[in-house]
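Undergrad: sequence first, then the predicted structure:
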Amino acid sequence: MIPEASEKEKLRRFIKDILITRGKIRKNNWIIRIISKEENNLITLQKELNRLFGVESKVNKRINGVGTIYFEMDINKKEQVKKLIELNFLSNEAKEKWLKLQK
């Protein structure tokens, strides 16, 4: 019988899946961002990302051109982005885009 993964390991995998599927690199710089309609979801993700992996981020409120309010979590320090790359927490497309922006 295979023991189930610990809650901490499940949380790690969940965070990795979110970053791989939802993390995007901004076109004009090397900032990684995740967008959500729910601020609390991003705040929870931000806290766990910092607690489990030591990655710092910011959560900001945004309004698009038609007035819709949304929230954005940004990871904008080079060393923090490098941590995510080393942990393999970005999609291959996002990694390639980030590497091209660094040249």
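TA: Everything's here; your move.
Undergrad: how close does the nearest residue to residue 39 once chain neighbours are set aside sit to residue 86?
TA: Spatial nearest neighbour of residue 39, excluding adjacent residues (CB to CB, 6 or more residues apart in numbering): residue 71 at 4.5 Å. C-betas here are computed from N, CA, C, even on glycine. Taking CB to CB, to the nearest Å as the measure, residue 71 falls 27 Å from residue 86.
Undergrad: higher neighbour count, these two?
TA: residue 71 (18 against 8; other CB atoms under 10 Å).
Undergrad: list the buried residues in whatever helix or strand the more buried one lives in.
TA: Residue 71 belongs to strand 69-75 when assigned by DSSP states H and E. For strand 69-75, the neighbour count (16 or more other CB atoms under 10 Å) marks 71, 72, 73, 74, 75 as buried.
Undergrad: how about CSV for those residues, with pLDDT and distance to residue 58 added?
TA: What follows is those, written out as CSV (pLDDT from 0 to 100; distance: CB to CB, whole Å):
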residue, pLDDT, distance to residue 58
71, 95, 11
72, 93, 9
73, 93, 7
74, 92, 5
75, 89, 8
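Undergrad: closest to residue 53 among those?
TA: residue 75 (10.7 Å; CB to CB).
Undergrad: so that closest one makes contact with residue 30?
TA: No: using CB atoms under 8 Å, residue 75 is not in contact with residue 30; the gap is 9.6 Å.
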